[in-house]
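Visitor: quick one: sequence plus predicted model below, questions after.
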Amino acid sequence: MGNSTSTTELATAVGERLALAGHVLATAESCTGGGIAQAVTAIAGSSAWFDCGFVTYSNEAKTAMLGVKESTLIEHGAVSEAVVREMAEGALHSSQATLAVSVSGIAGPGGGSKEKPVGTVWLAWSSKNKSTVAACFSFNGDRESVRNQAVNEALNGVIKYSV
């Protein structure tokens, strides 16, 4: 995943915001495959405000690494509000971070359904002192485009959520 100027600018803004707020970030990623972590670690000095990234592509990894309940995955599916909430909260509990962002989606070209078409992406943000917030996005474009849009929205959300 190449970093566009806007992704680099967003990641820089994330770093400035987190450093000012005294937050340390963790990421929990599925469809972006580590793209959020890649974007933030491309910024010099990110070790001051980035702890770790979990790439949990399989349901088993979501359960083992982040504590996502099997029952949540069965009932709601991996691409759901309930799962990204548990992913973000799990990233907080499994790291030294004070703020976490999570993502799960259908990047395509296959895998979509009528209920969850290709481009459906759920994001969540959680912190030690604030309620978890989640949002669903419907992105257009090819696989790379969907993944890049998800990374950018995740970073935008970190900036908004950390205020």
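Guide: Perfect, I can see it now. Residues are numbered from 1 along each chain as shown.
Visitor: okay, and the residue lying farthest from the centre of the chain sits in which element?
Guide: In the chain, the greatest distance from the average C-alpha position (Cα atoms, centre = their mean) is reached by residue 114, at 23.6 Å. Of the helices and strands defined by DSSP states H and E, none includes residue 114.
Visitor: in contact with it, which residues?
Guide: Residues near residue 114 by Cβ atoms under 8 Å, 6 or more residues apart in numbering: none. C-betas here are computed from N, CA, C, even on glycine.
Visitor: could you report the pLDDT at it?
Guide: As predicted, residue 114 sits at a pLDDT of 93.
Visitor: again with the one 3 residues further on
Guide: At residue 117 the predicted local distance difference test score is 97.
Visitor: then the one 5 residues further on?
Guide: Note on residue 122: pLDDT of 99.
Visitor: what does residue 5 give?
Guide: pLDDT at residue 5 comes out at 62.
Visitor: if you rank every helix and strand of the protein by mean pLDDT, what lands last?
Guide: Of all regular secondary-structure elements in the chain, judged by mean pLDDT, DSSP states H and E, the least confident is helix 5-21 with a mean of 95.
Visitor: in that one, what's buried?
Guide: For helix 5-21, the buried set under the neighbour-count rule, 16 or more other Cβ atoms under 10 Å, comprises 7, 10-12, 14-15, 17-18.
Visitor: cool, and stretch 129-140?
Guide: Taking 16+ other Cβ under 10 Å as the neighbour-count basis, stretch 129-140 is seen to contain the buried residues 132, 134, 137, 139.
Visitor: for the third one, give its distance to residue 94.
Guide: The one in question is residue 137. Relative to residue 94, residue 137 is positioned 25 Å away (criterion: Cβ to Cβ, to the nearest Å).
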